[in-house]
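# sequence first, then the predicted structure:
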Amino acid sequence: MADSTSRWAEALREISGRLEEMPAEEGFPAYLATRLAEFYERAGRFEPFAGGDGSVSIIGAVSPPGGDFSEPVTQHTKRFVRSFWALDKELASARFFPAINAMDSYSEYHEFVEEWWSEETGENLKDLKTRAMHYLREDDRLQKIVQLIGEESLPDEQRMTVIAAKLIKEGFLQQNAFDPIDTYAMPRKQLKMLKAILRLCDMGRIAVSKGIPVYRIQELDSFRRLQRIKSEISNDEAEKIDDLYHGLEQEMNRVFPIEDWESEALGESRGEEDRRDWQQAEELMEGHTRDELYDMAQDRDIEGRSSMTKEELARKLAEHRRRERADKARSEENG
């Protein structure tokens, strides 16, 4: 645990200034990136003299002034690490813990752990993550509108997205360290919880697209139970979540007159486009290094590419490809 590399970098800046070395961005020495890389390169697997295998993991804390992630220490750190948890002051002020901003955080290790999670839990980690991030990203976009006109003024389909994201945040991401059950959750319970929450969100969107008022989704007994599931079902009782999953399907079928939930399409909405973008971004991350993605972004003249992480580059490239396909389709129609 390194706390905090920002303070260390500031000390390095002071010493560099005393030595009258040529300053770089914001007064830091030009070799700041090299020193940070040397520190994080210490992490990895090794063979100890006593035999067997060992590993060294580094968790570094960065404290950017004013929460500015564009400052040099944060940007250089994100170049060398493959996982980043962005703590959010607003979430902490709202008593939302752990106060990790899902939009600014990322991990590039999912392809290494995906097989283990599938064997351990029997669930598709990649699919669940993609669907959950779709709701969170769409909600992040809608919050800018909500701040201007209020949630009640949104169309029901957009309100359903906001409510779904809120359920994911409060019913899955938020934890209570003082709750005897919610203190921690084993992998099996985590993915079963997320699967049940996403099932209600998906069925809710279909119901709303068929004219069902969004408030009726919130009145469902299954909706209220999912809000409390993390603190009511222990790790040893994860099978009860399966019962809740089937129960919510039965309740939706009983309350709403929709014949076939699986065949009902939500249409080519922005949310569906975002989901496809995310899937393509993951394929780009799996098949290319950051340098290769950077070269691709440079060919397309994507702004801000120098400071982007591998995941950010992949997302921008996926969005750019979608726009290219849309422009091509329009030109073919007009031509």
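Thanks, I have the structure now.

# any weak-confidence spans in the stretch 201-335 of the chain?
260, 262-275, 278, 335 (pLDDT under 70).

# now with 90?
Within the stretch 201-335 of the chain, the stretches falling below the threshold (pLDDT under 90) are 209-211, 256-335.

# show me where it has helices.
Under the criterion DSSP state H, counting those that start in this stretch, the stretch 201-335 of the chain contains helices at 214-218, 221-232, 239-255, 270-287, 290-299, 310-334.

# can you say which of those is nearest to E111?
The closest approach between E111 and any of the helices of the stretch 201-335 of the chain, judged by C-beta to C-beta, belongs to helix 270-287 at 5.6 Å. In short, each C-beta sits where N, CA and C put it, glycine included.

# CSV for the helices of the stretch 201-335 of the chain, including distance to E138 and mean neighbour count?
Compiled in CSV, the helices of the stretch 201-335 of the chain are given as follows (distance: least, C-beta to C-beta, whole Å; neighbours: other C-beta atoms under 10 Å):
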stretch, distance to E138, mean neighbour count
helix 214-218, 15, 17
helix 221-232, 19, 17
helix 239-255, 21, 15
helix 270-287, 5, 17
helix 290-299, 24, 16
helix 310-334, 14, 15
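
# residues contacting L125?
L125 makes contacts with 110, 113-114, 117-118, 191, as judged by C-beta atoms under 8 Å, 6 or more residues apart in numbering.

# can you redo the helices of the stretch 201-335 of the chain as JSON lines with distance to I163?
As requested, the helices of the stretch 201-335 of the chain are exported to JSON lines (distance: least, C-beta to C-beta, whole Å):
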{"stretch": "helix 214-218", "distance to I163": "7"}
{"stretch": "helix 221-232", "distance to I163": "9"}
{"stretch": "helix 239-255", "distance to I163": "15"}
{"stretch": "helix 270-287", "distance to I163": "14"}
{"stretch": "helix 290-299", "distance to I163": "35"}
{"stretch": "helix 310-334", "distance to I163": "25"}
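
# closest one to F84 among the ones you listed?
With distances scored as C-beta to C-beta, the stretch of the helices of the stretch 201-335 of the chain nearest to F84 is helix 310-334 (9.0 Å).

# tell me the domain boundaries of this protein?
Per the record, the chain has its domains at 2-81, 88-287+305-335, by automatic domain parsing.

# next, the spatially most central residue of the chain: secondary structure please.
The centroid of the chain falls nearest to A102 when counting by C-alpha atoms, centre = their mean (4.3 Å). On the three-state scheme (DSSP: H, G, I helix; E, B strand; the rest coil), A102 is labelled coil.

# measure E123 to V162 for me?
26 Å (C-beta to C-beta, to the nearest Å).

# same question for A102.
Separation of A102 from V162 (C-beta to C-beta) stands at 15 Å.
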